[in-house]
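# Coordinates for the following, if possible.
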Amino acid sequence: MKIRSIKKTITFIIILILLYSIINFLKNLKGIEPQNWLDFSGNILGSILGVLGAYLILRIQISKEKAKAESKALEEERPYFFIGGSSSYGELNFEFYNAKHSLLNNLEVYFFLGNENEKNYIYSSLGHIKTDTKYRVRYPFGEEHINGINNISPNNGVIIKGTTLLGEKISFIYGSFGKDHGISKTFYYDVIDKKKTGIYSGDKINDETFDDLISNIVAEKIKSNAIKVKLSFVNDKY
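Coordinates of the predicted model:
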């Protein structure tokens with residue numbers, strides 16, 4: 001039964017009980033002995049308290065069911081990524097899926113340059129992408145605006161950021177980012193409420209570098225420390 005239907009049913013039952021109690025009260029108002037009056041009042045009060053208690057219990061149950069439904073809806077929109085590529089051809093191949101087979105909005109792809117420059121990333125905004133579709137991103141080589149770097153590889157570090165159809169922010173982190181071990185994580189986050197940040201797929205690894213990386217993404221500092229470039233975005237098979 002839907003939550004709205006449950007609410008209507010509860011309200012209707014409460015109104016019927018209250019009307020029945022009021023009618024009985026009015027019928028028996030005259031000629032009531034003091035003891036009977038106390039018994040009658042106690043019964044009425046007990047009925048009202050019982051109805052209110054049942055109502056509160058049902059309200060709590062409805063709230064739990066609503067929260068559960070909202071949580072499930074968020075989980076069904078969260079994407080899972082498959083990624084590959086080669087620095088030899090300057091390509092990043094990837095696809096994602098989710099339970100709803102829907103879209104991921106406001107997609108941005110970041111490549112870690114792995115150098116000591118002030119700007120450690122290049123990025124490009126790619127718009128909206130569809131689930132269960134393979135995509136190829138071609139990124140530049142030896143351009144002056146990325147300081148002559150010509151060995152950009154997904155294995156070195158890639159961040160994919162986007163927003164689900166329900167407005168939840170998602171980020172996928174892949175690569176080593178200059179470390180001697182790699183990582184693959186996907187997490188959801190809220191830029192206002194940090195308590196709503198959580199990892200839902202990938203490696204469970206404790207590393208300060210990656211903790212700082214996640215913190216910077218949540219605080220949206222990654223974008224401020226990146227150079228925007230134009231990437232060729234092709235949604236064909238690879």
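# wouldn't D190 be in contact with I217 here?
No. D190 lies out of contact with I217 (CB atoms under 8 Å); the separation is 11.9 Å. (C-beta placed from N, C-alpha, C; glycine too.)
# Comparing these two, which residue is more hemmed in?
In terms of neighbours (other CB atoms under 10 Å), I217 is the more surrounded of D190 and I217; the figures are 21 against 14.
# Touching the helix or strand hosting the more buried one from outside, list them.
Under the criterion of DSSP states H and E, I217 resides in helix 208-218. By CB atoms under 8 Å, 6 or more residues apart in numbering, the surrounding residues in contact with helix 208-218 are 159, 161, 171, 173, 177-179, 183, 185, 187, 189-191, 194, 197, 222, 225.
# how does it look with 7 Å?
With contact meaning CB atoms under 7 Å, 6 or more residues apart in numbering, helix 208-218 is reached by 159, 171, 173, 177, 179, 183, 187, 189, 191, 194, 197, 222.
# Now do the strands in the protein.
Here the chain has its strands, by DSSP state E, at 80-86, 91-97, 103-112, 121-130, 135-138, 158-164, 169-175, 183-189, 198-202, 226-228, 232-234.
# List the buried residues in the fifth one.
Right, strand 135-138. Buried residues in strand 135-138, defined by neighbour count with 16 or more other CB atoms under 10 Å: 135-137.
# Then the third one?
Buried positions in strand 103-112, judged by neighbour count with 16+ other CB under 10 Å: 103-104, 107-112.
# Same question for the second one.
Neighbour-count burial for strand 91-97, counted by 16+ other CB under 10 Å, picks out 91-96.
# In space, what's closest to G178 - neighbours in sequence excluded?
Leaving aside its sequence neighbours, G178 sits nearest to G114 (CB to CB, 6 or more residues apart in numbering; 5.2 Å).
# dump the residue contacts of that neighbour.
G114 touches 156-157, 178, counting by CB under 7 Å, 6+ apart.
# among those, which ones are buried?
Buried, going by 16+ other CB under 10 Å: 156-157, out of the contacts of G114.
# Could you list the low-confidence segments of this protein?
Counting by pLDDT under 70, the chain has low-confidence residues at 1-49, 85-90, 115-119, 139-155, 204-206, 232-238.
# 50 instead?
1, 88, 142-145, 147-148, 237-238 (pLDDT under 50).
# Walk me through the domains of it.
Using automatic domain parsing, the domain parsing of the chain gives 3-75, 78-234.
# Please report how far K130 lies from E76.
Between K130 and E76 the computed distance is 16 Å (CB to CB, to the nearest Å).
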